[in-house]
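Novice: Build me a structure from this.
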Amino acid sequence: MKYLSCAATALILGAGLAAPALADTAGCDDGEMVIKFSHVTNTDKHPKGIAANLFMERVNAEMDGTACMEVYPNSTLYNDDQVLEAMLQGDVQFAAPSLSKFETFTKVFRIFDLPFMFKNMDAVEAFQQSDAGQGMKNSMARRGLQGMDFWHNGLKQFSANVPLIKPEDAAGLKFRIMSSKVLEAQFKALDANPQVLPFSEVYSALQQRVVDAAENPLSNFYTKKFNEVQTDLTLSNHGYLGYMVITGKLFWKKLSDDQRALITQAMKEATEYGNKLAEDMDVRYLNEIKAAGTTTIHELTPEQRQA
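Specialist: Prediction:
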């Protein structure tokens with residue numbers, strides 16, 4: 001198995017966390033089973049990208065000689081709208097789409113798109129670890145997809161080129177959304193115009209005024225440089241954005257019991273690390289956005305939040 005160094009270590013150290021030995025796989029040796037992991041974020045500044053690399057490193061260390069994982073970030077292999085079909089075709093073995101992306105496979109994840117459903121990230125975590133939350137991992141099994149674990153990104157904030165303080169401030173604005181009936185209804189309730197766009201196209205759409213506004217956790221907002229094309233950011237904490245790491249049922253069944261156990265343990269380690277990192281990054285990136293000085297940050301009063 002061949003390796004290239006990964007740039008994630010510097011960021012992790014800067015966040016005050018112990019850095020694991022991360023590596024990007026450059027190629028697999030002959031005879032090794034190739035396991036492809038596709039996702040849409042960067043590898044060194046986003047919690048999903050860093051967790052994916054840690055997962056890869058753990059799998060490759062434990063299964064060296066028999067299996068080799070390759071991570072494809074930044075939609076270089078598939079975007080989240082393509083990856084589920086690719087997984088069912090056996091062209092990719094792991095992915096971590098946003099929970100909204102499973103709309104055509106199951107409706108159970110709609111709960112995470114409901115605005116103001118969860119008071120804070122502790123409430124999100126408590127629900128996901130409950131019997132009901134854990135049961136969601138099997139909700140797509142009959143469709144050929146197996147859930148592995150929930151990965152956090154954080155609570156969502158509103159951004160635009162005007163201050164969004166009152167509900168009526170959103171009226172008439174074109175908001176980029178993921179494909180989600182709940183999110184569509186959310187913005188229609190504000191008399192706004194929801195526009196479905198892939199995440200990879202959001203920056204250019206905001207820059208060219210194809211859309212006026214968006215909702216993102218701070219890690220998405222900062223790492224994709226949306227602060228360059230949005231003048232105002234409202235700390236609304238109105239919704240949750242998370243991911244489900246999934247694999248194909250057929251691929252999972254082909255593995256031996258030992259292989260499944262090794263991958264499950266590697267996933268557990270990556271999940272615990274990545275979710276803690278997502279929490280710390282929320283604080284870090286808010287400070288970075290403030291320091292950049294390109295975006296006015298609005299904090300809501302309890303009365304404004306209630307409205």
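Novice: Residue 162 versus the spatially closest residue to residue 40 that is not a sequence neighbour, what's the distance?
Specialist: Leaving aside its sequence neighbours, residue 40 sits nearest to residue 75 (Cβ to Cβ, 6 or more residues apart in numbering; 4.7 Å). Yep, even glycine has a C-beta here, placed from its N, CA and C like the rest. Per Cβ to Cβ, to the nearest Å, residue 75 is found 30 Å from residue 162.
Novice: Between the two, tell me which one has more neighbours.
Specialist: residue 75 (19 against 13; other Cβ atoms under 10 Å).
Novice: contacting residues around the more buried one?
Specialist: Residues in contact with residue 75, defined by Cβ atoms under 8 Å, 6 or more residues apart in numbering, are 40, 198-200.
Novice: Let's see which of those end up in helices.
Specialist: The helices, defined by DSSP state H, take in nothing from the contacts of residue 75.
Novice: Just the buried ones among these, please.
Specialist: Neighbour counting by 16 or more other Cβ atoms under 10 Å classes 40, 198-199 among the contacts of residue 75 as buried.
Novice: ok, so of the contacts of residue 75, who is nearest residue 217?
Specialist: Distance ranking of the contacts of residue 75 against residue 217, using Cβ to Cβ, places residue 199 first at 11.9 Å.
Novice: So residue 119 lies in a helix, does it not?
Specialist: No: with DSSP: H, G, I helix; E, B strand; the rest coil as the criterion, residue 119 is assigned coil and is not in a helix.
Novice: count of neighbours near it?
Specialist: Residues near residue 119, counting by other Cβ under 10 Å: 10.
Novice: From residue 237, how far off is it?
Specialist: For residue 119, the distance to residue 237 equals 9 Å [Cβ to Cβ].
Novice: Same check on residue 225?
Specialist: 22 Å.
Novice: between these two, who's got more neighbours?
Specialist: For residue 225 versus residue 237, neighbours defined as other Cβ under 10 Å are more numerous around residue 237 (20 against 14).
Novice: where's the more buried one, which helix or strand?
Specialist: strand 232-248 (DSSP states H and E).
Novice: in the helix or strand following that strand, what counts as buried?
Specialist: Where DSSP H and E defines the elements, the next helix or strand beyond strand 232-248 is helix 249-254. Residues 249, 251-252 are the ones in helix 249-254 that count as buried (16+ other Cβ under 10 Å).
Novice: Wait, residue 45 touches residue 223, no?
Specialist: Yes: in terms of Cβ atoms under 8 Å, residue 45 counts as a neighbour of residue 223; the distance is 4.5 Å.
Novice: hmm, back to that, wait, which of the contacts of residue 75 is closest to residue 156?
Specialist: residue 199 (13.1 Å).
Novice: quick one: contacts for the nearest residue to the closest one once chain neighbours are set aside?
Specialist: With Cβ to Cβ, 6+ apart as the criterion, residue 199 has its nearest non-adjacent residue at 5.4 Å, and that residue is residue 40. Counting by Cβ under 8 Å, 6+ apart, residue 40 touches 73-75, 79-80, 199-200.
Novice: Inside helices: which ones of these?
Specialist: Per DSSP H, the contacts of residue 40 never map to helices.
Novice: just these now: which is nearest residue 233?
Specialist: Nearest member of the contacts of residue 40 to residue 233, counting by Cβ to Cβ, is residue 199, at 17.8 Å.
Novice: OK, contacts around the closest one?
Specialist: 40, 75, 79-80, 98, 178, 220, 224.
Novice: As TSV, these with pLDDT and distance to residue 89 would be great.
Specialist: What follows is those, written out as TSV (pLDDT from 0 to 100; distance: Cβ to Cβ, whole Å):
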residue	pLDDT	distance to residue 89
40	91	19
75	91	18
79	88	15
80	86	16
98	93	21
178	91	23
220	91	28
224	91	29
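Novice: Give the closest residue to residue 297 in space, chain neighbours not counted.
Specialist: residue 233 (5.2 Å).
Novice: what about that neighbour, neighbour count?
Specialist: That count, for residue 233 with other Cβ under 10 Å as the rule, works out to 27.
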